[in-house]
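[1] below: sequence and its predicted model.
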Amino acid sequence: MEALITGIGDVTTIVGSVFTLITANPLLACFVSASLIGVGIGVFKRAKGAAR
């Protein structure tokens, strides 16, 4: 159980570092935003198609 808690803490630290790196670099922020918008549109289309 101790190893699991430590692993979660390590992952949280890494994700925080990556987030800081992306927000510090405007070019990376634009690329990440563009890809997330594309993913969001795809999810919306699938959800819309599933509702029919």
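    Perfect, I can see it now.
[2] which neighbouring elements make contact with the helix ranked longest in the chain?
    Ranked by residue count, the top helix of the chain under DSSP state H comes out as helix 26-51. The contact analysis (3 or more C-beta pairs under 8 Å, 6 or more residues apart in numbering; DSSP states H and E) places helix 26-51 against helix 2-24. Backbone N, C-alpha and C define where each C-beta goes, glycine included.
[3] residue closest to the middle of this protein?
    When C-alpha atoms, centre = their mean is applied to the chain, the residue found nearest the centroid is residue 36 (7.8 Å).
[4] tell me how far that residue lies from residue 42.
    11 Å (C-beta to C-beta, to the nearest Å).
[5] relative to residue 8, how far out is the residue nearest to the centre of the chain?
    Counting by C-beta to C-beta - residue 36 and residue 8 are separated by 24 Å.
[6] now stretch 5-23, how far from the centre of its chain.
    Remark: stretch 5-23 is offset 12 Å from the chain centroid, using C-alpha atoms, centre = their mean, to the nearest Å.
[7] who touches it?
    Residues from elsewhere that reach stretch 5-23 (C-beta atoms under 8 Å, 6 or more residues apart in numbering): 28-29, 32.
[8] among the residues you listed, who's most crowded?
    Taking other C-beta atoms under 10 Å as the neighbour criterion, residue 32 ranks highest of these with 15 neighbours.
[9] enumerate every residue touching that residue.
    Counted by C-beta under 8 Å, 6+ apart, residue 32 has contacts residue 22.
[10] tell me the pLDDT at it?
    Residue 32 carries a pLDDT value of 90.
[11] what's the answer for residue 4, then?
    Looking at residue 4, the pLDDT reads 89.
[12] number of residues surrounding it?
    For residue 4, the number of neighbouring residues by other C-beta under 10 Å comes to 8.
[13] just the one 4 residues further on next, same as before
    Number of residues near residue 8 (other C-beta under 10 Å) recorded here: 10.
[14] how near is it to residue 21?
    For residue 8, the distance to residue 21 equals 21 Å [C-beta to C-beta].
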